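Chemist: here you go, sequence then predicted model.
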Amino acid sequence: MRVAVVIPAYQAAATIGEVVGQTLEVLPDAQVIVVDDGSSDGTGDQRLGIRVVVVTHPRNRGKGVALRSGIARASADGADVIVTIDADGQHAPTEIPRVLQPIPEGAADLVLGARARSGAMPVSRRLTNWLSATLASRIGRQAIRDAQTGFRAFTRALAERVRPAGDRYEFEATFLLEALRSGYRVTSVEVPTIYGAPSHFRSFGDTWRMATAFARHMRLRD
């Protein structure tokens, strides 16, 4: 099973080296694809190793565009399974094998690294996380524990079929909702809840885009 790990990165020079290093420790045979989304802090200039592919966007275009670029590169290079994790250290690469496990076992096409809505998660994020999970569960007619997580594993077949619109954080929500509506098997694996790094999430604009994505899929469901 050929695995590619896609890491969208923006202004992540302080953390990207450690994230890549830990990823290669647990998956030494994986292809690692870092998408530098127009960073100005030298994110894409870090010495990440000869086995790491760096895809560079000349200007910041949004997390959705970065994910789309990385997933397309992984598919073109022949990955059987694609993992996505964030570059800021809020996803523990040591958990990747657990998130991957249901796919080779034949139990899922898409695995979500589900975070507990505990005290480690800011109160405002707990509310939106609960609401998005509730709506995704209703749309998909199955229990979804964390609809906003960017820590995921999925098959190339799913990635080639599910190609959602959206340039920013709504891309991840739409990807999940379209996978659910297309009948793909989705499961969750609990991962640590880690916060602390500054977020590039734009409270008003990104929340509005995500709300619009959920509203559209609710209408399609009904």
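Modeler: Sure, I can see it. Treat the numbers as computed from the prediction; the structure is a model and nothing was measured.
Chemist: isn't there a helix covering Q90?
Modeler: No. Checked against DSSP: H, G, I helix; E, B strand; the rest coil, Q90 lies outside a helix; its state is coil.
Chemist: tell me the phi and psi of it?
Modeler: phi -80, psi 0 (degrees, to the nearest 10).
Chemist: my guess is it meets T149, correct?
Modeler: No. Proximity of Q90 to T149 does not meet the contact threshold set by C-beta atoms under 8 Å, at 9.9 Å. The way it works is simple: take the backbone N, C-alpha and C, and place the C-beta from them, glycine included.
Chemist: more neighbours: which of the two?
Modeler: T149 (24 against 20; other C-beta atoms under 10 Å).
Chemist: what about the more buried one, distance to E160?
Modeler: Distance, T149 to E160, by C-beta to C-beta, to the nearest Å: 22 Å.
Chemist: test my guess that A213 contacts F175.
Modeler: No. Counting by C-beta under 8 Å, A213 stays clear of F175, with 9.8 Å between them.
Chemist: if I look at G49, how far off is L24?
Modeler: 7 Å.
Chemist: so which of those two has more stuff around it?
Modeler: L24 (18 against 11).
Chemist: pLDDT score for the more buried one?
Modeler: At L24, the model reports a pLDDT of 96.
Chemist: ok, now which ones touch it?
Modeler: A30, V32, G49, R51 (C-beta atoms under 8 Å, 6 or more residues apart in numbering).
Chemist: which residues sit in contact with the residue nearest the centre of the chain?
Modeler: In the chain, the residue lying closest to the centroid (C-alpha atoms, centre = their mean) is G150, at 2.8 Å. Neighbouring residues of G150 by C-beta under 8 Å, 6+ apart: P8, K63, T84, I85, D86, H91, E172.
Chemist: SS state for it?
Modeler: coil.
Chemist: likewise V83?
Modeler: strand.
Chemist: ok, which stretches of this protein are strands?
Modeler: Here the chain has its strands, by DSSP state E, at 3-9, 31-37, 52-57, 81-84, 110-115, 152-155, 186-191.
Chemist: give me the below-cutoff pLDDT ranges for this structure.
Modeler: Applying pLDDT under 70 to the chain picks out residues 117-125, 195-208, 210, 214, 217-222.
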